[in-house]
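K.L.:
the amino acid sequence is not available; the structure is as follows:
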């Protein structure tokens, strides 16, 4: 089951944070270079455990943002 949340920060290197519906902050890194502002965009995502902790994977943007 995909989690839902909102992108709350994104850096120029493609890393950022999604805050999920439970207000948990999940880190992510984009594989593509997006040059538009994605902060505040609603998303769905899965979570995996990495050596650095929980990370969001399989991020899907909602609506017609992309």
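P.N.:
Done, it's in. The model shown is predicted, which means the values in this text are computed figures rather than measured ones.
K.L.:
low-confidence stretches in this protein?
P.N.:
Within the chain, the stretches with pLDDT under 70 are 31-37, 63-66.
K.L.:
quickly find the element holding the residue most central in space within the chain.
P.N.:
In the chain, the C-alpha nearest the mean C-alpha coordinate belongs to residue 18, at 4.4 Å (Cα atoms, centre = their mean). Per DSSP states H and E: residue 18 is located in strand 15-20.
K.L.:
who does that strand pair with, and is each partner parallel or antiparallel?
P.N.:
Strand 15-20 has the following sheet partners, assigned by DSSP bridges: strand 3-10 (antiparallel), strand 25-29 (antiparallel).
K.L.:
need the contact list for residue 53.
P.N.:
The contact partners of residue 53, taken as Cβ atoms under 8 Å, 6 or more residues apart in numbering, are residue 27. Just so you know, the C-beta spots here come from the backbone N, C-alpha and C atoms, and that holds for glycine as well.
K.L.:
no more questions from me, cheers.
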